[in-house]
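Colleague: sequence? don't have it. structure:
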């Protein structure tokens, strides 16, 4: 890929609030500079390389090029000089797109004011694109006021869609885990390339796909009691070209056919009782899953869980042979689930 000069070397990344550390780790591996957290879920950084590399980030929801305009208010962007510059920035953003008929969307405070509507209309005409409904087009920009309030910034999203929308997700079921959260779960704590991995309550396979894409070896197992979910997982695994590495098992997460003491790493996106399951179901499932995870795990195994039933899981952990290493609060679709990392208390096997 031939390196392309960027119109900006300052970028803003949007991520799931609570997972900023994972984004920083990934950006550091890209040799990003001047990393700074603006507010929960938003970071700024500088990057001197080809901007196309940034759309391969797996921990981010979206990445934006930051362009500063020395104007007192958005209306001034309609002036010839600034409008010409903005058109050039947007055309450059679409340069490598193969997408037909992209739509334009603008996110801003007062997005439906007369000035912003006029700006959208002018841009759409000059770029020969359509306007998107609800301002969520493939060509997407945000207007923000920097802290010093001396100018305005235009943030142009890299790529025609959020990075959290993966190509492998060909089946999207209600309650499916956000792919960037799934990726973060696979990055928790170091692991050996040959680790055996189990995904309990695997659903449509988000965690296993993200794990398999990042690691080319190791035994991968998935358990779910729903044929529909296993079928969706199979489709997504096939789309990611990782199905040949995964064994899918139809079984209750509280009673699997797996041998004792065989697994190094266990994941579970536990049902919240919203789209999937119910609180009454979880009263049985959570303690049963913890017992079964303990039975099948090796002495140094790690158990990584996501749930919105925080109080229930905490109570079940206290009553189990697991101990909490960390608990991270994230914000996901208006909810505030927790990401738990557990280790075994002892080497005793459940009977």
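Modeller: On my side now, so go ahead. This is a predicted model, so every value here is computed, not measured.

Colleague: And the next helix or strand past whichever strand or helix holds residue 11?
Modeller: For residue 11, the element it lies in under DSSP states H and E is strand 10-14. For strand 10-14, the following helix or strand on the C-terminal side (DSSP H and E) is helix 20-29.

Colleague: name the helices or strands packed onto that following helix?
Modeller: If you count contacts as 3 or more Cβ pairs under 8 Å, 6 or more residues apart in numbering; DSSP states H and E, helix 20-29 packs onto strand 33-39, strand 42-46. Bear in mind the C-beta positions are built from the backbone N, C-alpha and C, glycine included.

Colleague: tilt between that helix and strand 42-46?
Modeller: 10 degrees (axes from the mean of the first three to the mean of the last three Cα atoms, to 10 degrees).

Colleague: On the three-state scheme, residue 191 is what?
Modeller: coil (DSSP: H, G, I helix; E, B strand; the rest coil).

Colleague: if I look at it, how far off is residue 59?
Modeller: 17 Å (Cβ to Cβ, to the nearest Å).

Colleague: Looking at these two now, which is surrounded by more residues?
Modeller: residue 59 (24 against 16; other Cβ atoms under 10 Å).

Colleague: Confirm that one sits in a strand?
Modeller: No: according to three-state DSSP, the state of residue 59 is coil, so it is not within a strand.

Colleague: my guess is it meets residue 15, correct?
Modeller: Yes: applying Cβ atoms under 8 Å as the test, residue 59 and residue 15 come out as touching, 6.3 Å apart.

Colleague: Report the set of residues contacting both of those two.
Modeller: By the contact definition Cβ atoms under 8 Å, 6 or more residues apart in numbering, residue 59 and residue 15 are jointly contacted by 22-23, 180.

Colleague: closest one to residue 314 among the helices and strands packed on helix 20-29?
Modeller: In terms of Cβ to Cβ, the element of the helices and strands packed on helix 20-29 nearest to residue 314 is strand 33-39, at 27.6 Å.

Colleague: so for stretch 322-332, what's the average pLDDT?
Modeller: The predicted model gives stretch 322-332 an average pLDDT of 96.

Colleague: can you give me how far that stretch is from the chain middle?
Modeller: From the chain centre to the centre of stretch 322-332 is a distance of 17 Å (Cα atoms, centre = their mean, to the nearest Å).

Colleague: and the gap between residue 184 and residue 267?
Modeller: Note on residue 184: its distance to residue 267, by Cβ to Cβ, is 11 Å.

Colleague: got it, and residue 172?
Modeller: Applying Cβ to Cβ, the value for residue 172 to residue 267 is 19 Å.

Colleague: So for the two, which residue has more residues nearby?
Modeller: Comparing residue 172 with residue 267 by neighbour count (other Cβ under 10 Å), the higher total belongs to residue 267, at 27 against 11.

Colleague: Make sure that one is indeed in a strand.
Modeller: Yes: assessed with three-state DSSP, residue 267 lies in a strand.

Colleague: That one contacts residue 205, correct?
Modeller: No: counting by Cβ under 8 Å, residue 205 is not a contact partner of residue 267; they are 11.0 Å apart.

Colleague: list the residues that contact both of the two?
Modeller: Joint contacts of residue 267 and residue 205 (Cβ under 8 Å, 6+ apart) are residue 199.
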